[in-house]
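# Quick check, what structure comes out for this input:
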Amino acid sequence: MYWIDIVASYLFLLKYVAITVAIIISISSIDDLVIDLVYWCRRFIRSLTIYRKHPRMLYSALFAAPEKPLAIMVPAWHETGVIGKMAELAAITIDYENYHIFVGTYPNDPETQLDVDRVCAVFPNVHKVVCARPGPTSKADCLNNVLDAILQFELQANLNFSGFILHDSEDVVSSLELRLFNYLLPKNDLIQIPVYPFERSWKNFTCMHYLDEFAELHGKDVVVREALAGQVPSAGVGTCFSRRAVLALLEDGDGIAFDAQSLTEDYDIGFRLKEKGLREIFVRFPVILDDSEASRKKLLIGQSIRESNVVCVREYFPDTLATAIRQKSRWITGIVFQGYRTHRWTPNPILNYFLWRDRKGAITNFISFIATIILVQLMLLWLYQNLWPGAYRFLSIFESSEWLMGFLWLNFFLMMNRIAQRIFFVSSYYGLAAGLLSIPRLLWGNYINFMANWKAVKQVIEHGDVRRIAWDKTTHDFPTIGLENTERKKIGQILIDQGVITLEQLDSVLGHKQLGMRIGSALVHEGILSGSELADALAIQAGVSAESIDPYAIPEELIRSIPASVALHYAILPIRHEEGGLVIASESALDPISLAAISRKLHQKITYVIVPKGQVTIGLRKWYARNKSVDPREVLQDALVSGRIKSNQMDDIWKFYISRQVLLAEILVSLGHINEAALRALLLQHSVTELYLGDFLVDKNIISQETLDKALALQRELQPEIHELIESELELSGR
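Numbers count the residues shown, from 1 in each chain. Below you'll find the model as predicted:
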């Protein structure tokens with residue numbers, strides 16, 4: 001029958017295809033084996049030398065470094081509902097305070113802009129940046145706009161960020177990531193931490209194959225790359241650049257740090273910084289909070305307590321075939337085709353070796369898939385010949401080819417090594433069950449890489465110029481964390497809704513608001529609103545309770561529970577212990593970052609209430625002021641004892657006096673001398689000095705001495721003297 005001849009001829013051709021594929025796979029597998037040998041030899045030698053002479057660094061050492069200001073750059077195109085979750089999760093989990101998040105949005109994406117505006121209203125360290133051009137542009141273009149906004153913010157706040165961190169809006173950041181970066185800056189210029197994808201259902205091979213690849217890539221390959229070449233490719237997330245690195249990139253690009261035409265700007269930057277001789281490191285730093293036997297028993301089979309607790313970035317990766325192919329084709333285009341055009345071969349043979357490893361995927365992605373197809377065909381042929389009654393017996397393509405069989409046996413052992421390596425590194429983080437499932441996922445991963453490679457090649461052919469290929473953003477999911485970021489109403493609207501003031505009164509005060517005060521303070525000073533009514537409205541806005549306190553009645557032992565530096569920095573007072581935590585008082589809403597920082601500094605659960613204007617201010621002066629002035633309460637008490645005023649008059653004077661207290665920071669912000677967001681960064685710097693706030697701002701050239709003098713004069717004008725109030729009361733009473 002003619003089909004027998006066709007099959008026989010096909011098998012003859014298949015033999016030579018298999019020979020070619022076997023040779024290429026052998027070369028690639030030996031290349032991978034070199035990395036394996038270097039990794040395990042290095043690991044063995046370090047265990048006998050470095051780790052025997054020096055104990056492993058504990059995470060507590062990270063806290064010894066003073067917090068340097070860090071900027072997190074987040075590009076956002078159609079990210080509605082994600083930024084708020086990221087900011088809230090960061091505020092709750094990140095054990096760091098001196099950081100700011102700059103979110104790059106687009107003028108033609110109003111939904112994302114609105115979402116970021118809501119977040120900025122709650123989180124003072126989140127800043128919205130609107131890109132100059134409509135989106136979607138490239139991620140690099142968005143980052144250039146964000147970086148420009150950061151540099152402008154630096155001028156406003158008169159600070160220099162020490163580190164610039166890349167993250168996506170769907171990233172879940174490790175609690176000590178910023179402390180790790182802070183510890184390693186500024187002596188390192190590019191710091192990359194591992195990326196470990198979140199698990200989904202084991203049945204979803206598409207998203208789970210990312211888990212396998214990143215576990216091995218960031219567990220072994222990049223470790224060896226840094227050790228041999230001193231060059232680390234940025235993963236695009238979890239990357240921190242030193243200030244020196246950013247300035248070098250800006251100088252190199254004539255004011256533009258990131259290559260806006262690159263699809264993998266993160267990969268590109270790693271080589272640019274290496275060419276400039278800057279230091280790049282890949283950091284796998286474990287944070288083991290509990291090393292007890294009970295904690296180790298909770299580990300999954302095969303899971304390492306050190307490897308599974310490294311500081312890393314977690315996120316969900318695409319879970320559909322189309323999105324995975326789209327994302328990987330962008331990576332291949334950027335790394336292989338654009339990378340080759342931008343970064344040819346170098347004089348450094350070791351770096352060239354890793355460039356080869358980056359680029360060989362353009363070949364091996366095809367070869368691996370072809371090898372899979374050949375294997376499937378041979379398996380089907382074997383099943384046919386052994387299970388089909390009366391089946392024809394075809395000559396094996398391996399017949400009389402000892403050297404081909406040698407290649408196949410070599411490839412078999414190399415493949416077993418590849419599988420063993422993959423199982424080990426996946427199991428170290430995710431457990432043995434996930435490690436074993438990485439075996440069948442290898443085949444599916446080969447298919448995805450083949451299709452992505454094919455798409456990348458088609459795009460290059462269609463466009464001709466690889467730099468004309470458009471950025472194709474991949475949509476990710478953010479993990480459900482049970483948090484909802486609700487929009488805050490404006491204080492004026494709350495007061496109107498409560499029936500405390502009318503719209504006419506609000507418009508009148510807004511039109512003639514006394515300079516140096518926020519709207520709430522102005523309403524109190526105008527006598528339209530009482531301090532308690534303002535506190536109720538602020539509490540509604542913040543979603544907490546309001547109550548009135550007597551700052552003089554707080555027990556001294558409770559006062560001692562909060563250090564003066566913390567109380568003055570956050571303008572808070574302790575008022576009681578409740579349900580295993582401390583309740584504090586504030587005159588305004590405390591943002592989640594500050595609340596989490598206070599909790600960490602006091603080592604206990606913190607809740608807060610909002611109290612009427614002036615009560616915390618008076619309490620801070622009473623209990624925590626460095627230089628004690630005349631106590632206004634004692635002056636009133638003396639007037640009462642001497643019979644100059646009566647008890648009810650004393651109460652009225654005291655309430656009026658307290659409600660008219662104004663902090664210097666409020667005056668400077670209201671006058672426009674300091675940006676509200678910049679004030680946060682300045683207060684963090686001020687908290688570690690012994691200077692008064694005004695003197696600190698003058699010393700930092702934020703304001704002039706003349707401006708400070710005018711602000712202090714306005715503060716004295718807005719805050720009545722207790723003696724004057726007593727005299728005024730006596731005049732009114734005719735005494």
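
# Quick check: Lys605 touching Ser599?
Yes. The criterion here is CB atoms under 8 Å, and Lys605 meets it with Ser599 at 6.4 Å. For glycine as for every other residue, the C-beta is placed from the backbone atoms N, C-alpha and C.

# Looking at these two, which has the bigger crowd around it?
Neighbour count, other CB atoms under 10 Å: between Lys605 and Ser599, Ser599 has more, with 16 against 12.

# From Ile24, how far out is the residue nearest to that one when sequence neighbours are not counted?
Nearest non-adjacent residue to Ser599, counting by CB to CB, 6 or more residues apart in numbering: Ile606, 4.4 Å away. Applying CB to CB, to the nearest Å, the value for Ile606 to Ile24 is 61 Å.

# Please say which of those two ends up with more neighbours.
Taking other CB under 10 Å, Ile606 and Ile24 do not tie; Ile606 has more neighbours (21 against 18).

# Show me what the helix or strand in which that one is found is packed up against.
Assessed by DSSP states H and E, Ile606 sits inside strand 605-610. On a contact count with 3 or more CB pairs under 8 Å, 6 or more residues apart in numbering; DSSP states H and E, strand 605-610 meets helix 531-542, strand 545-546, strand 581-586, helix 592-602.

# residues in contact with the first one?
Applying CB atoms under 8 Å, 6 or more residues apart in numbering, the contact partners of helix 531-542 are 488-489, 491, 494-495, 498, 500, 520, 523-524, 545-548, 587-590, 609-615, 655, 658-659.

# For it, the averaged confidence score.
In this model, helix 531-542 has an average pLDDT of 91.

# Then stretch 349-363?
Average pLDDT, stretch 349-363: 90.

# Stretch 708-719 now?
pLDDT averaged over stretch 708-719 gives 89.

# If you count neighbours, what's buried in that stretch?
Residues of stretch 708-719 classed as buried by neighbour count (16 or more other CB atoms under 10 Å): Leu708, Lys710, Ala711, Leu714, Gln715, Leu718.

# Check the offset of that stretch from the chain's centre.
40 Å (CA atoms, centre = their mean, to the nearest Å).

# ditto for stretch 418-426
That offset, for stretch 418-426, works out to 29 Å (CA atoms, centre = their mean).

# Run through the strands of the stretch 301-450 of the chain in chain order.
Here the stretch 301-450 of the chain has its strands, by DSSP state E, counting those that start in this stretch, at 313-315.

# before we move on, what about the chain?
Using DSSP state E, the strands found in the chain span residues 70-75, 99-105, 126-130, 163-166, 172-173, 190-192, 195-197, 239-242, 280-282, 313-315, 545-546, 573-578, 581-586, 605-610.

# if we can go back for a sec, of all the helices and strands packed on strand 605-610, which lies closest to Gly230?
With CB to CB, the closest approach to Gly230 among the helices and strands packed on strand 605-610 belongs to helix 592-602: 35.8 Å.

# low pLDDT regions in the stretch 251-400 of the chain?
By pLDDT under 70, the low-scoring segments of the stretch 251-400 of the chain are 391, 393-400.

# can we see that at 50?
Under the criterion pLDDT under 50, no range of the stretch 251-400 of the chain is flagged.

# What ranges does it have for its helices?
Along the stretch 251-400 of the chain, counting by DSSP state H, counting those that start in this stretch, helices occupy 265-275, 293-297, 321-332, 339-342, 349-359, 361-387.

# Which residue, neighbours along the chain excluded, lies closest to Gly445?
Distances taken as CB to CB, 6+ apart put His209 closest to Gly445, at 4.0 Å, once the chain neighbours are dropped.

# ok, the one you found - how many residues close by?
25.

# if I look at Leu506, how far off is Pro612?
Relative to Pro612, Leu506 is positioned 20 Å away (CB to CB).

# Could you do Thr364 as well?
Distance of Thr364 to Pro612, given as CB to CB: 70 Å.

# How about Leu671?
Distance, Leu671 to Pro612, using CB to CB: 24 Å.

# likewise Ile562?
20 Å.

# cool, Gly531 as well?
Distance, Gly531 to Pro612, by CB to CB: 3 Å.

# Same question for Ile658.
Distance from Ile658 to Pro612, counting by CB to CB: 7 Å.

# same deal with Ile667?
Ile667 is 19 Å from Pro612, by CB to CB.

# Likewise for Ala553?
Taking CB to CB as the measure, Ala553 falls 15 Å from Pro612.

# likewise Arg422?
From Arg422 to Pro612 the distance is 63 Å (CB to CB).

# In terms of neighbours, single out the busier of Ile658 and Pro612.
Shown here are Ile658 and Pro612; by other CB under 10 Å, Pro612 has more neighbours (24 against 20).

# Report the contact partners of the residue nearest to Gly445.
By CB under 8 Å, 6+ apart, the contact set of His209 is Arg441, Trp444, Gly445, Ile448.

# need the contact list for the residue nearest to the second one when sequence neighbours are not counted.
The shortest distance from Trp444 to any residue other than its chain neighbours is 4.2 Å, reached at Phe205 (CB to CB, 6+ apart). Under the criterion of CB under 8 Å, 6+ apart, the neighbours of Phe205 are Pro440, Arg441, Trp444, Gly445.

# and the last one, how many residues sit next to it?
Read it as Gly445. The burial count for Gly445: 23, using other CB under 10 Å.

# What is the neighbour count of Leu568?
Residues lying near Leu568 (other CB under 10 Å) number 18.

# just checking, it touches Thr617?
No. Here Leu568 does not reach Thr617: they are 10.8 Å apart, not a contact under CB under 8 Å.

# Report the buried members of the contacts of Phe205.
Neighbour counting with 16+ other CB under 10 Å marks Arg441, Trp444, Gly445 as buried within the contacts of Phe205.

# sorry, back to before: which one of the buried residues of stretch 708-719 is nearest Thr105?
Nearest member of the buried residues of stretch 708-719 to Thr105, counting by CB to CB, is Ala711, at 34.2 Å.

# State the distance from the closest one to Ile519.
Using CB to CB, we find Ala711 at a distance of 19 Å from Ile519.

# so what's Ser704 up against?
The contact partners of Ser704, by CB under 8 Å, 6+ apart, come to Val698.

# Excluding chain neighbours, give the residue nearest to Glu213 in space.
The spatially closest residue to Glu213, leaving aside those adjacent along the chain, is Gly445, at 6.9 Å (CB to CB, 6+ apart).

# scratch that, Leu351
Excluding the flanking residues, the one nearest Leu351 by CB to CB, 6+ apart is Ala229, at 5.0 Å.

# Counting neighbours, what do you get for Arg279?
Around Arg279 sit 18 other residues, with neighbours defined as other CB under 10 Å.

# same thing with Glu556?
By the criterion of other CB under 10 Å, Glu556 has 7 neighbours.
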